[in-house]
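Peer 1: how would this look folded up:
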Amino acid sequence: MLQARLAPQPQPRRRATVVHPSTVGWAGRTTERTTGGTHMHKAASTLFADESADLHQEVARIVANPEVWLHTSNTHLGGESPLHLIGTPQEQRLRDLLRAIKHGMLL
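Peer 2: The predicted model follows:
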């Protein structure tokens, strides 16, 4: 018996989501670009398995002289001292900087 071959049914169009790497992390926000426009939303702060939620502990593990480093202005943080970013919306920038230092990504 012959089966009638049906034409493939068109699939509904899905919106493509593209997240540019430069929009993640430093500002604590992610820009999501979709075919329907640009939307801003707060990026989720994710801790890795070897990280502490307490940034003071993270600094102590990574930096040679943590108290001095926390109180010294830092060009990678826009001239702010790391201590001033703890507890603010800019805290993720500090965590990103610590990760970069920890993994040798800074000159």
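
Peer 1: show residues contacting stretch 75-86.
Peer 2: 55-56, 59, 69-74, 90-91, 93-94, 97, 100, 106 (Cβ atoms under 8 Å, 6 or more residues apart in numbering). From N, CA and C alone the C-beta is placed, and that goes for glycine too.

Peer 1: how long is that stretch end to end?
Peer 2: Its start and end residues considered, stretch 75-86 measures 16 Å (Cα to Cα, to the nearest Å).

Peer 1: buried set for it?
Peer 2: Within stretch 75-86, the residues scored as buried using 16 or more other Cβ atoms under 10 Å are 77, 80, 82-83, 85-86.

Peer 1: returning to what we had before: looking at the contacts of stretch 75-86, which are in helices?
Peer 2: Of those, the ones assigned to helices by DSSP state H are 55-56, 59, 69-71, 91, 93-94, 97, 100.

Peer 1: which one of these has the most neighbours?
Peer 2: residue 94 (25 neighbours; other Cβ atoms under 10 Å).

Peer 1: which ones are touching that residue?
Peer 2: 55, 77, 82, 85-86.

Peer 1: closest to residue 49 out of the buried residues of stretch 75-86?
Peer 2: Ranked by distance to residue 49 (Cβ to Cβ), the buried residues of stretch 75-86 are led by residue 86 at 21.7 Å.
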